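[1] Mind looking at a prediction? Sequence and model below.
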Number of protein chains: 2
Amino acid sequence: MPPSRARPRATKSEDDDLPKIRSDALKPTLALADQIYRQLADGEIPRMKLPLRTKQNLAFQSREGVWKLGRAMGTRSARKLDGALMLLRTFYLVDFINEMARDAKTSTLRELYYISEAWQEGKFHSEDESNLLIEDLEVLCDRLREDFRLHPEENGASVIGDLTIKERNRKGVVKKINCRDDVGDGGYALPFNVEKEKIEFVGTNAKFIIAIECGGMVDRLAENGFDEKHDAILLHLKGQPARSTRRFLRRVSEELKLPVVVFTDGDPWSFRIYASVAYGAIKTAHLSSYLATPSAEFLGVTASDIENYELPSDKLSEQDIHALEAELTDPRFGTAEWRSEIELMLKNGKKAEQQSLAKYGLNYVTDHYLPEKLTAMGIG
Amino acid sequence: MPPSRARPRATKSEDDDLPKIRSDALKPTLALADQIYRQLADGEIPRMKLPLRTKQNLAFQSREGVWKLGRAMGTRSARKLDGALMLLRTFYLVDFINEMARDAKTSTLRELYYISEAWQEGKFHSEDESNLLIEDLEVLCDRLREDFRLHPEENGASVIGDLTIKERNRKGVVKKINCRDDVGDGGYALPFNVEKEKIEFVGTNAKFIIAIECGGMVDRLAENGFDEKHDAILLHLKGQPARSTRRFLRRVSEELKLPVVVFTDGDPWSFRIYASVAYGAIKTAHLSSYLATPSAEFLGVTASDIENYELPSDKLSEQDIHALEAELTDPRFGTAEWRSEIELMLKNGKKAEQQSLAKYGLNYVTDHYLPEKLTAMGIG
């Protein structure tokens, strides 16, 4: 179900953002420190201006096809105690980030939370507090938290297919890895940092990449040789995809010019997985131009699929219905195709898992369902 | 905190079970079918005898150091409707397993559940039903569900370190992979089947393997080069470890004769992760001699660590306290060391995450905590 205006949007050349994203991440943090220093030197009460990350300040850029932050700015001043505390933490964090860069270290978000134990009054009281501040710093510095050498616990996705990459590993050694020939059946595991300095694309003969919600379905496609028969790269989204996974898809779409199709369960939550891949999530709206892949197309499972393929289904729960109704007012689902699919699901009151296609046997998904859907999408 | 009687238990030679485990999985399923066939031919009402998998029929084998099924047997007869239904399903399942073997296919547990849509009256009404029947068949046939080509959704663990394996991949091609030099920072992802036919150990220079609960901690050890400095293999347990992860640890301990240490958070749930690695879980008691690694030792985080290292901690919740009290009556925690640690945690009312060691900086865990604990354990 391609959003009709999707495809053209992908052709934002990498030069637009990669240099910007990868250039020295410390400079803007030091500029920030310098600014506060000058304010203090001039006897002013230190303050920082930063874009508001409130829902009211979010706008869906239908031209670019992604969520973006608006122009509204807020000020954090040391005049009030909580403002002063935020400034204090901000510069403990800036200090830690520069220290990590000096020592060539990285840190998990969880470790940072505990690191702050040493910041006396600056100590975070929950990981939410530290995560929010990191996002603020991303906005302030126009950088990614990966540039700050901070990363989450969860792993990125795994990749199976004829894609050759070069990864610069933790010891600085560059390894050339073909994600079909040089890995086990577990595939190639994406590191948390998938930027150019870390991962380079060497080449691929694949015609498209299919991002899949469930590991069992990835195994099914791999076992049935779908990647080779259809020149496809298989990517395991692992549910709601991690940042590195979304960034990887964006790079594949942009640099390899490969179509991205998303294959999930047929329920409102899976629709959101697609939306976050294609248009970005509200939480990371300030990064949409790095993380979103507006050209990504939703393959299924759609509400129509549940009917057309007579799939075993479950009844929609109350929460499912609320989620679908919310999606009807979500600009990311503003196309006629999505509207009709969401309305159909509400009307039929049914959802289905992608593995329900096994009703017709283990080969049905690769021999019938996927080829039919891909042909209809003009892919593969 | 090694259970004092642990180490000697590991030396059960692989010959004891590997041939047994790997010999043709179909034979016993066909023997089962043959038995029912003869009963029908003799005009008897078909029935099957199988060991009871009730908690009452579980015994902790302190000699072997694992949970095992007792001798109590139950009978499933077609005399009653539900018994007849179970027999019907059993042979639909046996048929499907033989069909998969013929077509060289595997199936996820989830797919099997949907496959049963075609079994009319035999159809499963929940995945629990199908999973239970598979476990019954494992007991009846003395085989692993992996032998039946059935596997769960979740992936196995990832491995980082100087371990060279040969994996026979989905296409039958054998790949030699060194889990340090031939993989990216994501490590080597274990496939769901880690038996000899699938994975062979080629060699290692490592002195021990450390199984770690959280991915962030694995990344920390890898980034700090702990695996190379201490000749260690790092394994990410991913919380409660999958079967393939536990089977892999058992094989490493048995075939490579490497000590296994377990490094988790310091709370009752993490203690259970250790117990399932070392002594097996109640749910898979019928497989303990394949999955359990009685020689595995718990490194920490212990209740004493929380005190000795003054770690940032959280208050025990009601559920934590109940879990700890239950562990005091669990034979797997029957050693003096465990008893005193559990009582200490109850007394202090505190739990801590492994990443809380970051309170002292990013290198503390690899430069101080782990070396100190490993020396005390006489390892590394």
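    Cool, got the structure.

[2] Next, count neighbours for A:E129.
    Applying other CB atoms under 10 Å in any protein chain shown, we find 15 residues neighbouring A:E129. (Each C-beta comes from the backbone N, C-alpha and C, glycine too.)

[3] And it, how close does it get to chain B?
    Going from A:E129 to chain B by CB to the nearest CB, to the nearest Å gives 14 Å.

[4] Next, that residue: secondary structure please.
    helix (DSSP: H, G, I helix; E, B strand; the rest coil).

[5] Who are the packing partners of the one helix or strand A:L235 maps to?
    Assessed by DSSP states H and E, A:L235 sits inside strand A:232-236. Using 3 or more CB pairs under 8 Å, 6 or more residues apart in numbering or on different chains; DSSP states H and E, the elements in contact with strand A:232-236 are strand A:158-160, strand A:208-212, helix A:215-223, helix A:226-229, helix A:243-255.

[6] can you list the residues of the stretch 151-300 of chain A near chain B?
    Contact residues, the stretch 151-300 of chain A versus chain B (CB under 8 Å from any CB of the partner chain): A:151, A:153-156, A:158, A:167, A:169-171, A:175, A:177, A:182-192, A:214-216, A:219-220, A:222-223, A:225.

[7] In strands only, show me those residues.
    Mapping these onto strands (DSSP state E) picks out A:151, A:158, A:167, A:175, A:177, A:188-189.

[8] if we take these, which one ends up nearest to chain B?
    A:A189 (2.6 Å; CB to the nearest CB).

[9] how about the nearest residue to that closest one, chain neighbours excluded?
    Distance criterion CB to CB, 6 or more residues apart in numbering or on different chains; nearest residue to A:A189, sequence neighbours excluded, is B:G186 at 2.6 Å.

[10] Could you list the alpha-carbon positions for the host helix or strand of A:T90 in CSV?
    Using DSSP H and E, A:T90 falls within helix A:81-102. Taking C-alpha atoms only, helix A:81-102 is exported to CSV below (Å, rounded to 0.1, in the frame of the first residue of the first chain):
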residue,chain,number,x,y,z
LEU,A,81,16.5,26.4,40.6
ASP,A,82,15.3,23.7,38.2
GLY,A,83,16.7,25.7,35.2
ALA,A,84,20.0,26.0,37.0
LEU,A,85,19.9,22.2,37.7
MET,A,86,19.3,21.5,34.0
LEU,A,87,22.2,23.7,33.0
LEU,A,88,24.5,22.0,35.6
ARG,A,89,23.5,18.6,34.2
THR,A,90,23.9,19.7,30.7
PHE,A,91,27.6,20.6,31.3
TYR,A,92,28.3,17.6,33.3
LEU,A,93,27.0,15.7,30.3
VAL,A,94,29.0,17.8,27.8
ASP,A,95,32.1,17.1,30.0
PHE,A,96,31.4,13.4,30.0
ILE,A,97,30.9,13.3,26.2
ASN,A,98,34.2,15.1,25.6
GLU,A,99,35.9,12.8,28.1
MET,A,100,34.6,9.7,26.2
ALA,A,101,35.8,11.1,22.9
ARG,A,102,39.2,11.7,24.4
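
[11] pLDDT (mean, whole number) over that helix?
    The pLDDT scores in helix A:81-102 average 92.

[12] Just the residues contacting it, thanks.
    Under the contact criterion CB atoms under 8 Å, 6 or more residues apart in numbering or on different chains, helix A:81-102 has outside partners A:25-26, A:29-30, A:32-33, A:36, A:46-48, A:76-78, A:105-107, A:112, A:115-116, A:119, A:121-122, A:124, A:130, A:133-134, A:136-137, A:148-150, B:362.

[13] Quick one: name whatever helix or strand follows it.
    According to DSSP H and E, the helix or strand after helix A:81-102 is strand A:107-108.

[14] Adjacent strands (with direction) for that next one?
    strand A:150-151 (parallel) (DSSP bridges).

[15] Check the average confidence over the partner strand, would you?
    90.

[16] cool, stretch A:31-41 as well?
    93.

[17] Residues contacting that stretch, please?
    Applying CB under 8 Å, 6+ apart, the contact partners of stretch A:31-41 are A:45-48, A:87, A:90-91, A:94, A:140-141.

[18] ok, 6 Å please
    By CB atoms under 6 Å, 6 or more residues apart in numbering or on different chains, the surrounding residues in contact with stretch A:31-41 are A:46, A:94.

[19] secondary structure class for the residue of chain A positioned farthest from its centre?
    Most distant from the centre of chain A: A:G43, at 42.7 Å, with distances by CA atoms, centre = their mean. When classified by three-state DSSP, A:G43 comes out as coil.

[20] ok so, going back, of all the helices and strands packed on strand A:232-236, which one comes closest to B:V202?
    strand A:158-160 (23.0 Å; CB to CB).

[21] And that closest one, what does it pack against?
    strand A:232-236 (3 or more CB pairs under 6 Å, 6 or more residues apart in numbering or on different chains; DSSP states H and E).

[22] ok, now with 7 Å
    Here strand A:158-160 touches strand A:188-189, strand A:232-236, going by 3 or more CB pairs under 7 Å, 6 or more residues apart in numbering or on different chains; DSSP states H and E.

[23] Quick one: the helices and strands packed on strand A:232-236 as TSV, columns for mean neighbour count and mean pLDDT too.
    Below are the helices and strands packed on strand A:232-236 laid out as TSV (neighbours: other CB atoms under 10 Å in any protein chain shown; pLDDT from 0 to 100):
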stretch	mean neighbour count	mean pLDDT
strand A:158-160	25	94
strand A:208-212	25	98
helix A:215-223	24	92
helix A:226-229	19	96
helix A:243-255	24	95
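
[24] domain ranges for chain A?
    Structural domains annotated on chain A: A:27-142, A:206-377, as defined by automatic domain parsing.

[25] which residues does A:V139 contact?
    Residues counted as contacts of A:V139 (CB atoms under 7 Å, 6 or more residues apart in numbering or on different chains) are A:50-51, A:53, A:286.

[26] Report the separation between it and A:P259.
    31 Å (CB to CB, to the nearest Å).
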